[in-house]
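>>> No letters, just coordinates:
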Ligand SMILES: [Zn+2]
């Protein structure tokens, strides 16, 4: 289970509509929405990973402390929610370093995991893996093995694996997909969870658990359970992706937590590290160099 902790106006769909210098002036709803998620998880006895945006941690350090104190894993969603492939390696380095520092100061724990804004580690930005290792991250959850207009490496592995780099191995924990013919289809989280009917997610996770014997990685954002958030204009596709079924999402989440058991992403990454030498080939063929 994972939550990307950001406000509704941080979403990449609103880049250019709510420029960064206006973030301060927007009505913030992230603390209330994240607290509601914490209450739901407590009700179901679920531990989750919260990939918190550094910008949020800087303004609401007590929220980060609360997440950690309530038994969850605090991980990093970077500082400023910039797509990685739009940044230089130097800018990305300072973004992830700043986020890690803020999150560790606020939580009092070590931060080992990272998830990129909009899954933006793609063939264009694989250098980011080296920067993450250099900055002390041990796992990443940013490579989605699907085709999408903004992200994805469709040929990459569908289950957690180690990526060998010159500095060591980074554990990659991809978002979950199910395989249908030649396609990897996303099954677990975000817009796919809200927009498609609930049975799709349940069927997909069952398939991954039962047929493949692997855990599924689910993700959601605090704003996805907030139908009262202010409406922003983002064009037809953007608005469909952001606002569809907000009213139904909390109920669906409760159903999901009834149907499956969940752990933190860090726990999956730790198991992957142990399992890799015996079970999994670390190198797999890709049409470009890692
Ligand atoms: Zn995000």
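It's in. Note that the structure is predicted; figures quoted are calculated from it, not measured.

>>> With adjacent residues omitted, what lies nearest to the closest residue to the ion within the stretch 151-290 of the chain?
Closest approach of the stretch 151-290 of the chain to the ion (Cβ to the ion) occurs at residue 221, with a separation of 6.7 Å. The C-beta positions use only the backbone N, C-alpha and C, and glycine is treated the same way. Distances taken as Cβ to Cβ, 6 or more residues apart in numbering place residue 4 nearest to residue 221, at 5.1 Å, with adjacent residues excluded.

>>> quick one on the thing from earlier: hang on, the residue of the stretch 151-290 of the chain closest to the ion packs against residue 7?
No. Under the criterion of Cβ atoms under 8 Å, residue 221 makes no contact with residue 7, lying 9.1 Å away.

>>> Tell me, how many residues neighbour residue 16?
For residue 16, the count of nearby residues is 8 (other Cβ atoms under 10 Å).

>>> mind checking the SS state of it?
Look at residue 16: counting by DSSP: H, G, I helix; E, B strand; the rest coil, its state is coil.

>>> what about the helix or strand hosting residue 240, distance to the chain center?
Element membership of residue 240, judged by DSSP states H and E, is helix 235-243. Its chain's C-alpha centre lies 20 Å from the corresponding centre of helix 235-243 when counted by Cα atoms, centre = their mean, to the nearest Å.

>>> Now do the buried residues in it.
By 16 or more other Cβ atoms under 10 Å, the buried positions in helix 235-243 come out as 238, 241-243.

>>> and what of stretch 127-141?
128-133, 135, 137-141.

>>> before we move on, the earlier item: redo the buried residues of helix 235-243 as a markdown table? Include distance to the ion.
Below are the buried residues of helix 235-243 laid out as a markdown table (distance: Cβ to the ion, whole Å):
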| residue | distance to the ion |
| --- | --- |
| 238 | 14 |
| 241 | 13 |
| 242 | 12 |
| 243 | 16 |
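
>>> between these, which is nearest residue 154?
residue 241 (19.6 Å; Cβ to Cβ).

>>> With adjacent residues omitted, what lies nearest to that closest one?
residue 191 (5.1 Å).

>>> what residues are up against the nearest residue to residue 150 once chain neighbours are set aside?
Among residues not flanking residue 150 along the chain, residue 118 sits closest, at 5.4 Å (Cβ to Cβ, 6+ apart). Residue 118 is in contact with 12, 83, 150-151, counting by Cβ atoms under 8 Å, 6 or more residues apart in numbering.

>>> Residue 118 belongs to a strand?
No. Applying three-state DSSP, one finds residue 118 to be helix, outside a strand.

>>> if I look at it, how far off is the ion?
Separation of residue 118 from the ion (Cβ to the ion, to the nearest Å): 6 Å.

>>> can you check residue 134 too?
The gap separating residue 134 from the ion is 22 Å, by Cβ to the ion.

>>> now do residue 19
For residue 19, the distance to the ion - Cβ to the ion - is 16 Å.

>>> pLDDT value on that residue, please?
Residue 19 carries a pLDDT value of 89.

>>> Could I get the phi/psi values of it?
Residue 19 adopts backbone torsions of phi -60, psi 160, taken as degrees, to the nearest 10.
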